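Participant: Give me a 3D structure for the following:
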Amino acid sequence: MSSSLIPIADLTERDLSRWRELSARALEPNPFFEPEFVLAGARHLDPGVGLLVVAGPSGDWLACLPVSSITRWKRLPVGAVAAWRHLYGFLGTPLVADGDTEAVLSELVDYALEGGPRQRILVLDWISADGPLGPAIASVVDGRPGRPLRYEQFERALLERRPDGDYLEETLRPHHRREFRRQARRLGEELGAPIETRDVTDDPALVERFMELEAAGWKGRRGTAFAQQPEHAAFFRELCDSFRSAGRLQMLALSAGDTVAALKCNLLSGDEVFGFKIAFDESLSRFSPGVQLEVAMVTEFHDRMPHARMDSCAAPDNEMINRLWPDRRPLVSYAIPAASATGWASARGVEAAFQLHNRLRRAS
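Facilitator: This is a model prediction of the structure:
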């Protein structure tokens, strides 16, 4: 095996082909580390991203991890190479091919800390802990010298396919389900046509409509909507175009006639669906169109999609989605020190800083 750090700007067509091949056969899917996502992000949001790559004897890629080098991490003056996770990245699991997984992951970590970037800490954020890679990553981290730190662990809502489509029966009481149906009827009456859920993936105009709805809502008031930041809007357009061309975009509309009440953008990767973004018409908020679409998404997933799981990509404290979706995905984050005195000192400093942070949070 051999390792390298490739700046995005230096990628060749052969590199892109190997990256896509690895994405297609990865043990665990992660659309946020695939070319269609990373290239759009690097072009419009962060040109400093690079790829940590482990290659086999024939040159095929065995592992890939988008990373950035930083001089401060969590407000600490600690040099680190960090798995690339920006505002729109919701999973940090590396792309790894099936095979000698632990050996490949060890090579990746060793190169990051001792061979390539030579930073004091490798940061792996938001690693899926329940898939085939979770135990392998934990084993590699625990086998490192120094004091690797698990500094963050949480769960977020997930749908696991089951034989019967009884997901909501597990999470919602009968009167709540009746209330959602009543709201859907009232929304249809308000808009003058029955409510339906439509797949509008093939209509690029709905990407623009998505950004309009988002900008007209609470994200617009906060100044964080795609449309309010030209680079972010360009990122979203390119992302949707790239995933649509690859056949891995899903845009769903909750609509009545020609009126769109809510839109949901999903990314498809392997046997999983990832709920990327949702927007709704806040002038209709008394009918909860966003929640209505999330409820419809459960049926859409079970009845019309072949995938095994759907990751909500929601914050762990999102009460609405936690209330609707019965299953959970555990995620863990690691800070791994280099095998040196400075690496150990960095790890001790990080651990002390997080202990202080947690004490202050509990006291507040």
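
Participant: host element of the residue nearest to the spatial centre of the chain?
Facilitator: Geometric centre of the chain, nearest residue: residue 90, 2.4 Å, by Cα atoms, centre = their mean. Counting by DSSP states H and E, residue 90 is held by no secondary-structure element, helix or strand.

Participant: How about it: what's its closest non-neighbour residue?
Facilitator: Computed as Cβ to Cβ, 6 or more residues apart in numbering, the closest residue to residue 90 that is not its neighbour in sequence is residue 313, at 4.0 Å. Using the backbone N, CA and C atoms, a C-beta is placed for each residue, glycine as well.

Participant: returning to that earlier point: touching, the residue nearest to the centre of the chain and residue 277? I think so.
Facilitator: No - the criterion here is Cβ atoms under 8 Å, and residue 90 misses it with residue 277 at 10.2 Å.

Participant: give me every residue that touches the closest residue to residue 228 other than its chain neighbours.
Facilitator: Of all residues not flanking residue 228 in the chain, residue 215 sits nearest, at 6.1 Å (Cβ to Cβ, 6+ apart). Under the criterion of Cβ atoms under 8 Å, 6 or more residues apart in numbering, the contact list for residue 215 reads 225, 226, 227, 228.

Participant: out of these, who's nearest residue 266?
Facilitator: Closest approach between these and residue 266, by Cβ to Cβ: residue 226, at 16.1 Å.

Participant: what sits against that closest one?
Facilitator: 210, 211, 214, 215, 232, 233, 235, 236.

Participant: just the strands in the stretch 1-150 of the chain please.
Facilitator: Secondary structure of the stretch 1-150 of the chain, counting by DSSP state E, counting those that start in this stretch: strands at 2-7, 50-55, 61-70, 80-83, 95-96, 121-128, 149-160.

Participant: Nearest to residue 142, out of those?
Facilitator: That would be strand 149-160 among the strands of the stretch 1-150 of the chain, by Cβ to Cβ, at 9.5 Å.

Participant: in the closest one, what's buried?
Facilitator: 149, 151, 156, 157, 158, 159 (16 or more other Cβ atoms under 10 Å).

Participant: Going by distance to residue 140, which of those wins?
Facilitator: Nearest to residue 140 among the buried residues of strand 149-160, with distances taken as Cβ to Cβ, is residue 149, at 14.4 Å.

Participant: got the phi/psi numbers for residue 129?
Facilitator: According to degrees, to the nearest 10, the main-chain angles of residue 129 amount to phi -100, psi -10.

Participant: Secondary structure element holding the closest residue to it other than its chain neighbours?
Facilitator: Leaving aside its chain neighbours, residue 129 sits nearest to residue 330 (4.2 Å; criterion: Cβ to Cβ, 6+ apart). Secondary-structure element containing residue 330, defined by DSSP H and E: strand 327-337.

Participant: Which strands or helices does that strand pack on?
Facilitator: Applying 3 or more Cβ pairs under 8 Å, 6 or more residues apart in numbering; DSSP states H and E, one finds that strand 327-337 contacts strand 121-128, helix 133-142, strand 149-160, helix 341-363.

Participant: change it to 10 Å
Facilitator: Here strand 327-337 touches strand 80-83, strand 121-128, helix 133-142, strand 149-160, helix 167-171, strand 309-311, helix 341-363, going by 3 or more Cβ pairs under 10 Å, 6 or more residues apart in numbering; DSSP states H and E.

Participant: where among the ones you listed is the average confidence lowest?
Facilitator: Looking over those, mean pLDDT reaches its minimum on helix 341-363, with a mean of 60.
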